[in-house]
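Asker: Give the three-dimensional model of this entry:
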Amino acid sequence: MINENETRSRPALALPRLRAAARRVAELLADSSQSMRCAREAERLQRMSDVELYRLGVRRQDIVRHAFAGHVGH
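Answerer: Predicted coordinates for the structure are as follows:
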């Protein structure tokens, strides 16, 4: 592992690590954003009547599974 003093003396080593950290943050934000969209979809479906859900082919007990279907196991 590279200590902080070595990184300062060799900035070229810091750049790939910085890029990797930035990529992880971007992935985390994207994942969080997708999770929020799924949660909002689940809330929207919860507000629907059973008849409206039936028309969509969704059972009330399957709302969360339906809302997060594309997100889980990505």
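Asker: Please, which helix or strand holds the residue most central in space within the chain?
Answerer: Of all residues in the chain, the one closest to the mean position by CA atoms, centre = their mean is Asp31, 1.6 Å from it. Per DSSP states H and E: Asp31 is located in helix 11-46.
Asker: Average pLDDT for stretch 26-39, rounded please.
Answerer: What stretch 26-39 shows for mean pLDDT is 89.
Asker: Show me how far that stretch is from its chain's centre.
Answerer: Chain-centre distance of stretch 26-39: 3 Å, with CA atoms, centre = their mean, to the nearest Å.
Asker: next one: stretch 41-49
Answerer: On CA atoms, centre = their mean, the centre of stretch 41-49 falls 20 Å from the chain's centre.
Asker: Over to stretch 12-30?
Answerer: 17 Å.
Asker: do the same with stretch 48-65
Answerer: On CA atoms, centre = their mean, the centre of stretch 48-65 falls 24 Å from that of its chain.
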